[in-house]
Structures are given as C-alpha cells and as structure tokens.
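> Everything below, folded, please.
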Amino acid sequence: MRSLYFLLPGTTQSFFCGGLFAELKAMRLAQQVCSAEVVTYRQREADHLFLEDVLRSPTPNAIFVVSWGFDVPKLASKLRGRSVIYHAHSANYGFTLPAEIPIITVSRNTLGYWGQLAPTSLLYYLPNQISDEFTNRGGDREIDVLVHARKSSQYLMQHLVPALRSHCRVEVIEGFVPDLAELFNRSRVYLYDSAEYWATQGVTEGFGLQPLEAIACGCQVFSSVNHGLSDYLDPGFNCHKIAGCSLEFDRDRILKVIKKFQPIAFPANFLAEYRVANILHRWQVILAEVNDFFDHQQVHQRSQQQLIAPLTKSRVLQLRFQRLMAKVRSKLGRS
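This is a model prediction of the structure:
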C-alpha cells in the first residue's frame, strides 16, 4: 500500500475553512489504512513537509492527494509522471484532468459532475466525516435561531434575520467557532442559505458540513438545497427549505418551529454514512483499487496501452456531426 501525501497550501489560521478541516479529517482516517501525512506547498511549516523539498529528494512510492480547487491544474502539471489523486470537494472550476488521475468526490453531486466530465477516469465517492461530537446532548436550548454570517445570502442577513430579531433570540456567528457542536446543542433552529454565495463564486457547494452537523445535534434546519446539500437534505422530512417565496412566510414558519420546538427526528442509520466506520471501509476499498491502478500504470507504459478516447469538446462536436449525418442518411434512404 502506497503512502499518501495530502497537499495543502498551509494549515495555519489564514487557511482555516471547512475544506481544510474536512481534508485533515480525511487524512487522519486514511492514516488508519496506510501511511499518510500533510505536505504544504504555499508556506513552510515546522510540523509538515514542504512540496518543493519532497520533489527534490528521492520520491518514495507515494500517492499525492490534491484537493485545493483553483490550485489543482498547476499541481497536476507539477506532479506529472507521479501517482496523483484528486480529492474533489466543489465542482465547476473549469479544468479537466487526464484519465491517469483517479477522482475521489465528497458528495454524489460532485461525483455526477465528474461522471459526465471525466467518463474515462476512475471515480469514487467518499463522504466527509461527521465527528461523534456532533450529537444531540439533550440539554437546554436558549438560542432560538443560529446563523453563520459567512456564505449567507443578502436576503438572510439583511431581511430575514432583522425580521426574526424582534420576535426571538438570534445569534449570528461572525468567525471561527472552536466548539460548533456545543453551539448547535444550545440552538433550536439553524439557518443556512449558501446558493447566492456559490453562484457569485462560480463553483459549487461541495458538501455543506454545517447543516448536517446541525441536524446531527438535533437542530431544526432551514437551508438552501444547492449542489452537495442535495445529497442529504430532504425538505419536509429532515429539514425545511429556506427562502420559501416570501419573507413573511419564512418568518412565520421559523417562529412556528421555535414555538413548538422538538429536536429533528431522523432514521437511526441516517448518519451512519458519514461516521468513521463507513468512511474507513470506503478508504480501504478505494485505496486498494487505486493502488492496483497505479501498479498497472507502472507496468504498462502509456504508449503501450490502448487508451479510451476522452470526451473532449472536439469529440463531442464530432459525435454530434456523426449523429446528424446518420439522421440525414436515414431520411434520404426513406425518400
């Protein structure tokens, strides 16, 4: 089993985000299957290897795991000729990858994106982990409505939150929270509306950890259902769709849930997909297959293989033209 190098720009506070923490969790779980460690590439850090140093030294039989969206094309080019995996969170970055790079996606939404864009690549689904700390602790919930300002829509922050504040206690998170599970357990309702944010970014919500973490803690969740959120959100059953046509309708629905609050109910096995046991099993299966793939690539050079034609834009145009000509010939044959 090859070692894994998880490439990250850095791990200090300036890089803190959901994607970083999710990647570090994925690495720690992978360490239970094989050797794995962080390699930074934008800044040197005392506790981690630095990519330029790794590439200058004799490279062990390792797999480089790239994940940082906009950096992926440059990293893939720098690592050409080495074993590389793309751990895909968001989609719509606009790049393609050679079939020699297997793609592991954190959501089925992203899996479907790459299934269409890279039909000749190896594709896998490995969901993000919801840690065991995210569970309903059964305590008092003195916060009526919890909102995280980052990624929230203008509608949510400028209209819905002010409309709710005159009726209930609203808590707005402005920055990093060291114990989010504790905060969710103190809250009745969690609001999340990221569709506008991701539309302006031009890429997708890769997974959406916080709504699922809030559900795990028993919060009633009002959320958008864009991109990766659609993997697990089921409006009317385990959440409520936010931005339901009018401000007044949203306000009244939320206040009704607060007044008659009951922790969200979900099937006993709902979270099993995102807990350690399932993700470890998936790592074991995925890494076994990927190692077989790279073994094959080492034995059979690219020039010796009959490569499957990629679905490039030019090939799509060629296939459309062929289909059109086949229809023309069919009509001429009937006339």
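
> how about the CA coordinates for the worst-scoring helix or strand of the chain on mean pLDDT, as PDB?
In the chain, no helix or strand scores lower on mean pLDDT, DSSP states H and E than helix 313-334, which sits at a mean of 85. Taking Å, rounded to 0.1, in the frame of the first residue of the first chain, the C-alpha atoms of helix 313-334 are listed here in PDB:
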ATOM      1  CA  LYS A 313     -15.300  19.300 -26.700                       C
ATOM      2  CA  SER A 314     -14.000  18.500 -30.200                       C
ATOM      3  CA  ARG A 315     -15.000  14.800 -29.900                       C
ATOM      4  CA  VAL A 316     -18.500  15.800 -28.700                       C
ATOM      5  CA  LEU A 317     -18.800  18.000 -31.800                       C
ATOM      6  CA  GLN A 318     -17.600  15.100 -33.900                       C
ATOM      7  CA  LEU A 319     -20.100  12.800 -32.400                       C
ATOM      8  CA  ARG A 320     -23.000  15.300 -32.900                       C
ATOM      9  CA  PHE A 321     -22.000  15.700 -36.500                       C
ATOM     10  CA  GLN A 322     -21.900  11.900 -37.000                       C
ATOM     11  CA  ARG A 323     -25.300  11.600 -35.400                       C
ATOM     12  CA  LEU A 324     -26.700  14.400 -37.700                       C
ATOM     13  CA  MET A 325     -25.300  12.800 -40.800                       C
ATOM     14  CA  ALA A 326     -26.800   9.400 -39.700                       C
ATOM     15  CA  LYS A 327     -30.200  11.100 -39.500                       C
ATOM     16  CA  VAL A 328     -29.800  12.700 -42.900                       C
ATOM     17  CA  ARG A 329     -28.800   9.400 -44.500                       C
ATOM     18  CA  SER A 330     -31.700   7.700 -42.800                       C
ATOM     19  CA  LYS A 331     -34.200  10.300 -44.200                       C
ATOM     20  CA  LEU A 332     -32.600  10.100 -47.700                       C
ATOM     21  CA  GLY A 333     -32.900   6.300 -47.500                       C
ATOM     22  CA  ARG A 334     -36.700   6.500 -46.800                       C
END
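
> shift numbering so it begins at 44
With 44 as the first residue, the last one maps to helix 356-377.

> Reduced to three states, what does Phe264 come out as?
That one is not Phe; residue 264 is Val. Here Val264 is recorded as strand under DSSP: H, G, I helix; E, B strand; the rest coil.

> quick one: contacts for it?
Counting by Cβ atoms under 8 Å, 6 or more residues apart in numbering, Val264 touches 232-235, 254, 257-258, 276, 281-283, 307. Yep, even glycine has a C-beta here, placed from its N, CA and C like the rest.
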